[in-house]
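Engineer: Build the 3D model from these lines:
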Amino acid sequence: MQNARIGAQEQAIKAATPKVKYNFPPLPEQRLARAEKAFRDGEYPLLRPLLEPTLTPNSQFDRAEQANQARILLAVGLYFEAQQVTGAGPRKELLDAASLQLLELLRGDPFYTLNPMIYPASVVELFETVQVEHSAELDALRAKLREDSSPDSQGLETVYIEREVDRFSYAVNFLPFGLGQMQNDEPVQGTLFASAQVLSLALNIGSYWRVEDLRSDIDGKYEAGRGNSAEQARNWQRMQYVGLAAFVGLYAWSVIDALVDYKPYQVRIRTLDAPPPELSSGANGAEGAELKIGWNGIGFAW
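Structural biologist: Numbering: from 1, shown residues only. This next block holds a predicted model:
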């Protein structure tokens, strides 16, 4: 019925308009590109002969956005052609044809809007008039589209996902006793570094105490001679330096190892069986940082 109406209007318009031969490209996409250039250059009389063959009796465009653009430009051409005719009858037929092109556009996309910064204000007003005159039909189409696009109609299921971010301190990498490895979620390496550093530090401190214990209670000096306290003190002092060197070496090794594997944050994602409390109660959860210390690392969680 609509195609018959469009065809009748076109026949009446063609009878009232003198025929002019044009040398236009054959493909609809090429004609649309030429029409867009004509629109930018203000050559409105070219819009109708360029685009009318691509839209009647049916659209020849494969893409909906191309067909929509062609209908808008054809409506612009018909509208401005209506301003040039003097008879009330032909003028009304041209305006009706322009309105019909805009209505066909809205039937395909009832949410479509015209940008008043691009298209003439008079054409935008005509577009809004078409929307008002056919509001019942367009509202029904919009409601149908909303219903078809709803998750329930598509068999979709809502999935709640919880995302937790642990942020780790860069300074922890420089702490001794394997704390950098603990933060990087490397408990075995952290335990080994901690044990080795504790043993080396214990050797250093124990040797120092032994050296001091060998001093004379009278003058604080060591006794000379073979197998005396002076020789023992020197041996223990060597052990003290060995323990200190071992501790420093292990500390440097642990820092380098921690820096190599350091990550500033870790993201944990898990699905929930129900909405989280802050959604179900409608209240926002308290925001802040929480310090976490354990085998999985040391850091702040948001």
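Engineer: buried stuff in stretch 31-38?
Structural biologist: For stretch 31-38, burial by neighbour count (16 or more other Cβ atoms under 10 Å) applies to 31, 32, 34, 35, 38. Bear in mind the C-beta positions are built from the backbone N, C-alpha and C, glycine included.
Engineer: got a pLDDT number for the first one?
Structural biologist: What that stands for is residue 31. Looking at residue 31, its pLDDT reads 93.
Engineer: The third one now?
Structural biologist: In the predicted model, residue 34 carries a pLDDT score of 94.
Engineer: Also residue 270?
Structural biologist: For residue 270, the pLDDT comes out at 82.
Engineer: so which strand or helix has it?
Structural biologist: Assigned by DSSP states H and E, residue 270 belongs to strand 265-272.
Engineer: Also residue 262?
Structural biologist: Going by DSSP H and E, residue 262 is not in any helix or strand.
Engineer: For stretch 261-268, which residues meet the burial criterion?
Structural biologist: By neighbour count on 16+ other Cβ under 10 Å, the buried set for stretch 261-268 is residue 266.
Engineer: what about it, how long is it end to end?
Structural biologist: Stretch 261-268 has an end-to-end distance of 18 Å (Cα to Cα, to the nearest Å).
Engineer: Now tell me what touches it from outside.
Structural biologist: For stretch 261-268, the external contacting residues (Cβ atoms under 8 Å, 6 or more residues apart in numbering) are 163-168, 170, 173, 180-181, 183-186, 297, 299.
Engineer: Just the buried ones from the residues you listed?
Structural biologist: Among the contacts of stretch 261-268, those scoring as buried are 166, 168, 173, 180, 181, 183, 184, 185, 186, 297, 299 (criterion: 16+ other Cβ under 10 Å).
Engineer: I'd like the residues you listed written out as JSON lines, with pLDDT and distance to residue 158 added.
Structural biologist: Putting the buried ones among the contacts of stretch 261-268 into JSON lines (pLDDT from 0 to 100; distance: Cβ to Cβ, whole Å) gives the following:
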{"residue": "166", "pLDDT": "83", "distance to residue 158": "27"}
{"residue": "168", "pLDDT": "86", "distance to residue 158": "33"}
{"residue": "173", "pLDDT": "88", "distance to residue 158": "41"}
{"residue": "180", "pLDDT": "90", "distance to residue 158": "41"}
{"residue": "181", "pLDDT": "90", "distance to residue 158": "41"}
{"residue": "183", "pLDDT": "88", "distance to residue 158": "36"}
{"residue": "184", "pLDDT": "87", "distance to residue 158": "36"}
{"residue": "185", "pLDDT": "86", "distance to residue 158": "32"}
{"residue": "186", "pLDDT": "89", "distance to residue 158": "38"}
{"residue": "297", "pLDDT": "48", "distance to residue 158": "32"}
{"residue": "299", "pLDDT": "51", "distance to residue 158": "31"}
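Engineer: Out of the contacts of stretch 261-268, list just those in helices.
Structural biologist: 180, 181, 183 (DSSP state H).
Engineer: Closest to residue 83 out of the residues you listed?
Structural biologist: residue 183 (75.8 Å; Cβ to Cβ).
Engineer: what's the spacing between residue 240 and residue 253?
Structural biologist: Distance of residue 240 to residue 253, given as Cβ to Cβ, to the nearest Å: 21 Å.
Engineer: Tell me which of these two has more neighbours.
Structural biologist: residue 240 (20 against 13; other Cβ atoms under 10 Å).
Engineer: give the contact list for the more buried one.
Structural biologist: Here residue 240 is in contact with 203, 204, 207, 208, 211 (Cβ under 8 Å, 6+ apart).
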